[in-house]
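Participant: Sequence first, predicted model second:
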Amino acid sequence: MTDDVADRLVVTLDLAGVADKAGFMERCVRALELPDWFGRNWDALADSLTDRSVWPAGAERGLLIVVTDWRTYAKARPDEWEIAQDVFTEAVDRLPGLSVLLVLGGSHQRPSDQPG
């Protein structure tokens, strides 16, 4: 990785239980501390990701969005998930200081049949 993420604000976008676009947008609002006037649509998300003035406090040196538990949403709404990925990708390509990381695995918790 050529982009230094060490000093960036890390924000977790937890998509556990998200079943549709409305739920996805609500999680974005909470995780990214988006303003009340946020439009809750793909264009508004793209605009917010590339507008440092609406980033959460503490993101002056950059923002790392860590997306967790996204697979259920991706399987339930593959077309929406593809759009979400496109929005993330375009925002990252347009704005230095923004990175999005998709965490592999279904959950940060171990299944009950696993040791430990």
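Facilitator: Everything's here; your move.
Participant: Now do the end-to-end distance for stretch 33-49.
Facilitator: Counting by CA to CA, to the nearest Å, you get 11 Å between the two ends of stretch 33-49.
Participant: Mind listing residues that contact it?
Facilitator: Contact with stretch 33-49 is made by 22, 25-26, 28-29, 32, 54, 56-57, 83-84, 87-88, 90-91, 95, 98, as judged by CB atoms under 8 Å, 6 or more residues apart in numbering. (Each C-beta comes from the backbone N, C-alpha and C, glycine too.)
Participant: Distance of the closest residue to Pro56 other than its chain neighbours relative to Arg52?
Facilitator: Nearest non-adjacent residue to Pro56, counting by CB to CB, 6 or more residues apart in numbering: Glu33, 4.4 Å away. With distances defined as CB to CB, to the nearest Å, the gap from Glu33 to Arg52 amounts to 13 Å.
Participant: and if you look at Gly39?
Facilitator: Relative to Arg52, Gly39 is positioned 18 Å away (CB to CB).
Participant: same thing with Ala31?
Facilitator: Counting by CB to CB, the gap between Ala31 and Arg52 amounts to 16 Å.
Participant: what about these two, which has more around it?
Facilitator: Neighbours per residue, other CB atoms under 10 Å: of Ala31 and Arg52, the larger number sits with Ala31, 17 against 13.
Participant: tell me the contacts of that one?
Facilitator: Ala31 sits next to 11-14, 65 when contact means CB under 8 Å, 6+ apart.
Participant: mind running it again at 7 Å?
Facilitator: With contacts taken as CB atoms under 7 Å, 6 or more residues apart in numbering, Ala31 has the following neighbours: 11-13.
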